[in-house]
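Engineer: Turn this into a model:
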Amino acid sequence: MERSELLVVGLAVRTTNADEMEPSRAKLPGLWQRAGAPGAFAHVPGRADENLYAVLTDYESDHHGAYTQIVGVAVRTVPRLPEGMVAVRVPAGRALKVEARGPMPGAVVDAWKQVWQHTETGGTPARSFGTDLELHHPGGADLYIAV
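Structural biologist: Next up, the predicted model:
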């Protein structure tokens, strides 16, 4: 499927999947806690919708290397950034869509396990390790994996 270009403003961390499996080194729970706080993105003007997005980008290599995750909101134009936030452009391109439904965050973790399985077994289309996107909405989450 084709994914449209998107601009996201949010909070960022650099991490690895290995670190995220080790609670003492995991950075994503804290990132999501900050992003989920009431009013976390209230000062971001020009929001495109009410959904929360996670952008995974700047992959060092593959799913074993470091990457940057930005959790934030979609915007129509990049505003003056609130302190501590970054802006990232998610380029348009081909993507593999994986749906996560059920209790969170377990459903998203299970969806990523499907993606890793796809990667490990040489599934087609192959991942490009460009920019991946999670769209979090009231019904669950949709992962758009760059291929």
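Engineer: so what's the residue nearest to R101 when sequence neighbours are not counted up against?
Structural biologist: Closest residue to R101 apart from its sequence neighbours, by C-beta to C-beta, 6 or more residues apart in numbering: G140 at 4.2 Å. For the C-beta atoms, the positions are set from N, CA and C on the backbone; glycine is no exception. Going by C-beta atoms under 8 Å, 6 or more residues apart in numbering, G140 touches E99, A100, R101, G102, M104, A107.
Engineer: What segments of the chain are strands?
Structural biologist: Listed in chain order, the strands of the chain (DSSP state E) span 2-3, 6-15, 52-57, 67-75, 86-90, 93-100, 132-137, 140-146.
Engineer: List the strands paired with the longest one, with their directions.
Structural biologist: Which is strand 6-15. In the sheet, strand 6-15 lines up against strand 67-75 (antiparallel), strand 86-90 (antiparallel) (DSSP bridges).
Engineer: export the strands of the chain to a markdown table and tack on mean pLDDT?
Structural biologist: Converted to a markdown table, these look like this (pLDDT from 0 to 100):
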| stretch | mean pLDDT |
| --- | --- |
| strand 2-3 | 94 |
| strand 6-15 | 97 |
| strand 52-57 | 97 |
| strand 67-75 | 98 |
| strand 86-90 | 96 |
| strand 93-100 | 97 |
| strand 132-137 | 96 |
| strand 140-146 | 97 |
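Engineer: could you redo those strands as TSV and give each row distance to V115?
Structural biologist: Listed next are the strands of the chain as TSV, based on distance: least, C-beta to C-beta, whole Å:
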stretch	distance to V115
strand 2-3	15
strand 6-15	16
strand 52-57	10
strand 67-75	13
strand 86-90	17
strand 93-100	6
strand 132-137	8
strand 140-146	6
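Engineer: For G122, which of those is the nearest?
Structural biologist: strand 93-100 (13.7 Å; C-beta to C-beta).
Engineer: got a list of contacts for that closest one?
Structural biologist: 1-3, 107-108, 110-111, 114-115, 118, 125, 127, 130-131, 133, 140-147.
Engineer: ok and that strand relative to strand 140-146, angle-wise?
Structural biologist: Relative orientation of strand 93-100 versus strand 140-146 (axes from the mean of the first three to the mean of the last three C-alpha atoms, to 10 degrees): 150 degrees.
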